[in-house]
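Engineer: Model the following, please.
(one chain, ligands or ions: 1)
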Amino acid sequence: MKIEYGELILESGERTIRPDIFAKVDGDATPHLLARQCQDCGDVSFPPFRYCLMCNGEKETENRVLSNDGILASYTIARQVMPGFNPDYILANVRMKDDPSLVLVAQLTDVKPEDLEIDMDLTMVPKIIKVLMNGEMVVSYCFRPTDPAKVSLGEGGQTE
Ligand SMILES: [Zn+2]
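Structural biologist: As a prediction, the model looks like this:
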């Protein structure tokens, strides 16, 4: 996986956890998550839903690029993990700044558990989170501290 001019480029043997969840934003070096927004009630869904589950509107939802900025709402450390996952990864609820009702479940990366604080600022970063039985590597959305002083490369969910 590499990122060139804000575009996520998969390499041989890699795939994203869901299709079409990363978007390139002109002028930004980091890809963004692509959500959907209801044209009727404005609800933002991620993972993206084609129809709104909040108001059951009949219009299709529209693409909505997220900002990549969230805050840590809660977290847990996964001691027992499924095959292919790195042990002791940190699983978090991340409240997105775009829409405070939008909470993503995602792994944290590049942070030591002792540096975590509820309500700290987090930034989305694409990362390989698991290796499938067939050797395929799965790229997903992770979050790391926005404050560089709290980033510890290679900690918390780092996949070999
Ligand atoms: Zn709606």
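
Engineer: How about the contacts made by the residue located most distally from the centre of the chain?
Structural biologist: In the chain, counting by C-alpha atoms, centre = their mean, Glu58 sits farthest out from the average C-alpha position, at 27.9 Å. Glu58 sits next to Tyr51 when contact means C-beta atoms under 8 Å, 6 or more residues apart in numbering. (Glycine included, C-beta is placed from N, CA and C.)

Engineer: Make sure it is indeed in a strand.
Structural biologist: No. Looking at Glu58 with DSSP: H, G, I helix; E, B strand; the rest coil, it is coil, so not inside a strand.

Engineer: Would you mind measuring from it to the ion?
Structural biologist: Distance, Glu58 to the ion, by C-beta to the ion, to the nearest Å: 10 Å.

Engineer: And Tyr5, by the same measure?
Structural biologist: Here the criterion is C-beta to the ion. By it, Tyr5 lies 34 Å from the ion.

Engineer: quick one: contacts for that residue?
Structural biologist: Here Tyr5 is in contact with 24, 29 (C-beta under 8 Å, 6+ apart).
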